[in-house]
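fold the following and give me the result.
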Amino acid sequence: MEKELFNDLVKSLEEARDISTGKSKPSRSFKVESQSVRETREKIGLTQVEFASLLRVSIKTLQNWEQMRRTPTGPAAALLRIVANDPQLAIKSLRSA
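Next comes the predicted model:
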């Protein structure tokens with residue numbers, strides 16, 4: 001069983017190498033559209049300091065997102081989507097935490 005697992009892992013790494021070097025195309029890809037962080041913040045009427053504090057990120061991180069030098073990923077992107085879709089509930093939940 002361990003040898004089979006090892007062989008599967010090696011095959012996966014070879015496929016990843018081929019995709020990254022352009023020899024193969026990925027079987028699927030995902031593109032998550034991100035909303036403008038600045039638009040979301042302005043929509044709910046918070047300053048950068050207030051919004052960064054609410055999200056528990058540094059002001060510099062928020063500024064990088066707003067100026068598109070960086071893109072929020074993972075949990076931060078999910079949280080921003082929640083804030084954009086239901087600001088009142090998100091703010092209430094985040095302030096009570």
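
and the closest residue to R95 other than its chain neighbours, what is it in contact with?
For R95, ignoring the flanking residues on the chain, the nearest one in space by Cβ to Cβ, 6 or more residues apart in numbering is L54 at 7.1 Å. For glycine as for every other residue, the C-beta is placed from the backbone atoms N, C-alpha and C. Applying Cβ atoms under 8 Å, 6 or more residues apart in numbering, one finds that L54 lies in contact with L46, I91, L94, R95.

and those, which of them are in helices?
Counting by DSSP state H, the contacts of L54 place I91, L94, R95 in helices.

any quick PyMOL command for the buried ones out of those residues?
The following PyMOL command selects only the buried members of the ones in helices among the contacts of L54, with burial defined by 16 or more other Cβ atoms under 10 Å:
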select buried, resi 91
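
which member of the ones in helices among the contacts of L54 is positioned nearest T21?
Ranking these by separation from T21, with Cβ to Cβ as the measure, puts L94 on top at 42.8 Å.

wait, the closest one sits on L55?
Yes: using Cβ atoms under 8 Å, L94 makes contact with L55 at a distance of 7.5 Å.

many thanks, we can stop here.
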